[in-house]
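Q: Fold the following.
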Amino acid sequence: MTNSRYAAIVCIFLAILHREADSQDILDDERNGCRWHGGSISGLVCDCRGDAEVTLNSNTISYPSTTEIVMKGCRAVKIEANTIAGLRNLRLVSLSDIQQIRFDSDSINWYGYRDSVSQVVEEERFDVTIPSLKLLVRNSNVSEIASHAFAGRIGEIILDGVVVNKISPLAFVNLLQTEKISIRNSALLDVGVQAFKKFATEQFELVNVTADLVPSRAISNITVYQSVVIDNCDFNAIRSGGFTIYNPSRFRLTNSRVGNLNGEGFKIISRGIVSIRNNTFVNVDDGGFAGITLQKDVITYKLTFDSNRIRNMHPTSLSTSEPYFQFTNIILDEACDCTAVDDKIRESSYYKEIKCTYENELTPLDVFKTKMCSVVNQYYIVIIIASVVAILIAAILLGLYMYYRNVYKRQKYGDKKAGKNGNMSLIVPDGRTYRETELHVIVERADLLTTDL
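A: Now for the predicted structure:
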C-alpha cells in the first residue's frame, strides 16, 4: 500500500513539473530577450540573443490582453497550434530576421471575439469596423507552412524577403476579413497543390517572387475583389489552372518570366481590366491564355497583351475565348522562317503584331511573309541552280552539234564549198585489186533555167 501511495505521489509530482515546464512564461529565459511594454498597447517584444530557439504555444504568453507579438533575431521560432487563438485583443504578429520559422497547423488561427468557424458565415469581406489580425514576416527563412496554418480573421498577410522551403496543401484556407495578401522579394521553393484555396481578399500580389513550379490549382478558387498583381516574378513552370482567381477588377502580369506555360495556366474571370505587358515566355502551350475571360455582366473592360517576348509558340498559343483581347507588339524570339510561320501561327490577324528576327532586325511577320514566303522567294535558290544547270546543258548540246556539223561531216563527206571550186575527194581502188581501172569523172553544174517554158 505504501509503495502504491509513493508511486502515485511521484506521478502527480512529475505531472506538475511537466505542466510547469509547458506553461513556462516566455520571459523566464533571458536568451529570448523578451519584455512587455504597456500603455494603450500591451505588446510582447523579443530581441533574441545568441542561438535562442523559441517555441510559442498557448501557455507561453501569459497575458491574455496582448495586442502585439514582435520577435527579432532568433535562431529558430516554432509556432504551435492555437498559440494565439485565445488572445482576442491581438492585432499584430511580427517576425523578422529569424533563421528558421515553422508554422504548425492552426498556428495562426484567430477569430477575435467570435469563438469559432461555426459562428461565422462562409465568406466575410473586409470591413474596417471588424477587428482583424496582421501577420508580418520579414527577412527570414520559413522551413514549412503546414496545412491549415492560417485561418480566421486575418486582415493582412505580408511576407517580405522570405525564403519558404515548403507551403503545404491548404496552408492558406478559410481566411475571413482579409484585405491584402502580399508576397514580396521572396523565394517559394515548394508550393503544394491548393496551397491557397477558397477564400476572399481585396488584394493579392506577388512582387519579385521566384518559384520553380506553380502546380495545378496552387492558387485555387480564391476571390479577389480589387486587384491581382504579379510583377517582376520568375516561374520556371505554371501548370494548367495554376492561378485560378475569380472576380478581380484588375489583373496585371508585368515584367515577369515564365519558363513553360501550360494551357489555361491562368484561369482568371475578370470584372474589367486585364493587362499582360513586358513579360518573357520561354514556351507557351496551346491555349496558354484561353482561361482569361470576362464576367457576363461586365460593361467596361480592357484586355491587352502588349510588348511580350515569346521564344517558342504553338499554333493556338495566343488563342483566347474573348474577342476583345488586343494583341500588340509581340516579339517572337527566333529567326524568321516561312515554315515556322505557317506551322506555329495560324491566326493571320496576328501577323502584323508579331515580329521575328530577320537579318539582325525585328521584322513584322506580315511583311516577312509577303516578301519572303511566296513560292518564287521561298525557292529562288533552287530556281537559280536549275536555271544555271539548264544553260550549261544547252551550251554543251550546242557545242556538240557545232562540232558534228563543222568537223565530223567535213572530214567524212568533204566541204561543200570546196566542191564548187573543182576540188573533190575521190576514193581510188588499189591497183592490185583491179587490173584496169577506168575512171570517169563527170562534173555537172545545174543552174536555174533562163528560158521560158
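Q: did I read that right, residue 393 in a helix?
A: Yes: counting by DSSP: H, G, I helix; E, B strand; the rest coil, residue 393 is part of a helix.
Q: all strands of the stretch 201-350 of the chain, in order?
A: The residue ranges that make up the strands of the stretch 201-350 of the chain, judged by DSSP state E, counting those that start in this stretch, are 219-231, 234-238, 243-246, 250-254, 257-261, 266-270, 273-277, 280-284, 292-294, 302-306, 309-312, 325-328, 330-335.
Q: Report pLDDT for the spatially most central residue of the chain.
A: Note on the chain: the residue nearest the mean C-alpha position is residue 258, at 2.2 Å, using CA atoms, centre = their mean. In this model, residue 258 is scored at 97, pLDDT.
Q: cool, and the one 4 residues further on?
A: Here, the pLDDT recorded for residue 262 equals 95.
Q: and what of residue 434?
A: Among the per-residue scores, residue 434 shows a pLDDT of 52.
Q: On the strand side of things, show who the residue nearest to the centre of the chain bridges to.
A: Beta bridges link residue 258 to residue 235, residue 281 when assigned by DSSP bridges.
Q: Contact partners for it?
A: For residue 258, the residues meeting the contact criterion (CB atoms under 8 Å, 6 or more residues apart in numbering) are 235, 237, 238, 265, 279, 280, 281, 282. In this view, the C-beta of every residue, glycine as well, is placed from N, C-alpha and C.
Q: okay, now the fifth one: neighbour count?
A: What it means is residue 279. Applying other CB atoms under 10 Å, we find 22 other residues in the vicinity of residue 279.
Q: ok, now the third one?
A: Neighbours of residue 238 under the rule other CB under 10 Å: 24.
Q: My read is that it contacts residue 260, right?
A: Yes: using CB atoms under 8 Å, residue 238 makes contact with residue 260 at a distance of 7.3 Å.
Q: Model confidence score at residue 335, please.
A: With respect to pLDDT, residue 335 scores 84.
Q: Can you name the next helix or strand after the worst-scoring helix or strand of the chain on mean pLDDT?
A: In the chain, no helix or strand scores lower on mean pLDDT, DSSP states H and E than helix 2-22, which sits at a mean of 44. Going down the chain from helix 2-22, the next helix or strand is strand 34-37, by DSSP states H and E.
Q: ok, residue 331 - contacts?
A: With contact taken as CB under 8 Å, 6+ apart, residue 331 is in contact with 307, 308, 309, 310, 354, 355, 356, 362.
Q: was I right about the second one contacting residue 280?
A: Yes: here residue 308 reaches residue 280: they are 7.4 Å apart, a contact under CB under 8 Å.
Q: Comparing those two, which residue is more hemmed in?
A: When residue 308 and residue 280 are compared for neighbours, residue 308 comes out ahead with 22 against 16, by other CB under 10 Å.
Q: what's the distance between the nearest residue to that one once chain neighbours are set aside and residue 310?
A: In space, not counting the residues next to it along the chain, residue 308 is nearest to residue 279; the distance is 4.9 Å by CB to CB, 6 or more residues apart in numbering. In this view, residue 279 and residue 310 are 9 Å apart by CB to CB, to the nearest Å.
Q: SS state for residue 352?
A: In three-state terms, and counting by three-state DSSP, residue 352 is helix.
Q: Backbone dihedrals for the nearest residue to it once chain neighbours are set aside, please?
A: Among residues not flanking residue 352 along the chain, residue 366 sits closest, at 4.6 Å (CB to CB, 6+ apart). In terms of degrees, to the nearest 10, the main-chain angles of residue 366 are phi -70, psi -40.
Q: pretty sure residue 366 contacts residue 356?
A: No: the pair residue 366 / residue 356 is not scored as a contact, 11.0 Å apart, by CB under 8 Å.
Q: of the two, who's got more company?
A: Set side by side, residue 366 and residue 356 show unequal neighbour counts under other CB under 10 Å, the larger going to residue 356 at 21 against 17.
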